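Student: below is the structure, and that's it, no one-letter string:
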Ligand code: CA
């Protein structure tokens, strides 16, 4: 479970990072809207906590851009006390929840739990396409034309992760965190095994899509037309 925190008040940001880490979330904190947007678009986060008043690009614009790019990552907006209009604009712009400052950290943690539960129940789009390949995450099938192959849940999650991060290299650490969670004791060769399973299945489908190894960094999908 990986959270992106975009908050320019450094003391608050630092305090939130500590609390979230203590609660076993993995957190990346950035302090302006521009970095917030860049990080958010990497699409590796399960949740974004986004302040509205930010340097460079404000939180509402960040949120609108994230949604415009088609990202469905849940967003909790942080609003200064009394900014009712911000709250309304925020929800209209695609925020999933908001918290008015100052807030109790217990409140934030409760909202995060509620948000991630909700996310787990909704399958937003079960069909993902990349190159000549289609992945259906709800029935765990990888197909090309009329040829198809069954995937395990982890294989499906791994392939979906690589598709969503198309063009970006994913490290083994990142894949482990995403698929098994922050506290998981999973060895790097676990990832290698799943990658090799997926490669065999892509070969079986005679797909032009391949999982390339970027030495010392990780994996990236290739073969999008
Ligand atoms: Ca602020």
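Tutor: Alright, I've got the coordinates. The structure displayed is predicted, hence computed values, not measured ones. Numbering: from 1, shown residues only.
Student: quick check: phi and psi at residue 108.
Tutor: phi -60, psi -50 (degrees, to the nearest 10).
Student: without its sequence neighbours, what residue ends up closest to it?
Tutor: Excluding its sequence neighbours, the residue lying closest to residue 108 (CB to CB, 6 or more residues apart in numbering) is residue 99, at 6.1 Å. All C-beta spots, glycine's among them, are computed from the backbone N, C-alpha and C.
Student: next, that neighbour: secondary structure please.
Tutor: strand (DSSP: H, G, I helix; E, B strand; the rest coil).
Student: residues in contact with it?
Tutor: Listed by CB atoms under 8 Å, 6 or more residues apart in numbering, the contact partners of residue 99 are 76, 77, 78, 79, 107, 108, 111.
Student: separation between it and residue 22?
Tutor: 19 Å (CB to CB, to the nearest Å).
Student: for residue 200, same thing?
Tutor: For residue 200 relative to residue 22 (CB to CB), the value is 41 Å.
Student: same question for residue 32.
Tutor: From residue 32 to residue 22 the distance is 25 Å (CB to CB).
Student: neighbour count for those two, which is higher?
Tutor: residue 32 (17 against 10; other CB atoms under 10 Å).
Student: so who does the more buried one touch?
Tutor: So residue 32 contacts 6, 8, 54, 55, 56, 57 (CB under 8 Å, 6+ apart).
Student: look up how far the ion lies from it.
Tutor: 10 Å (CB to the ion, to the nearest Å).
Student: try residue 130
Tutor: 38 Å.
Student: count of residues packed around that residue?
Tutor: 20.
Student: phi, psi for it please.
Tutor: Dihedral angles (degrees, to the nearest 10) for residue 130: phi -150, psi 120.
Student: before we move on, what about residue 212?
Tutor: Torsion angles, degrees, to the nearest 10, at residue 212: phi -90, psi 140.
Student: beta partners for the residue nearest to residue 108?
Tutor: In this entry, residue 99 is beta-bridged to residue 78, by DSSP bridges.
Student: all set, thanks.
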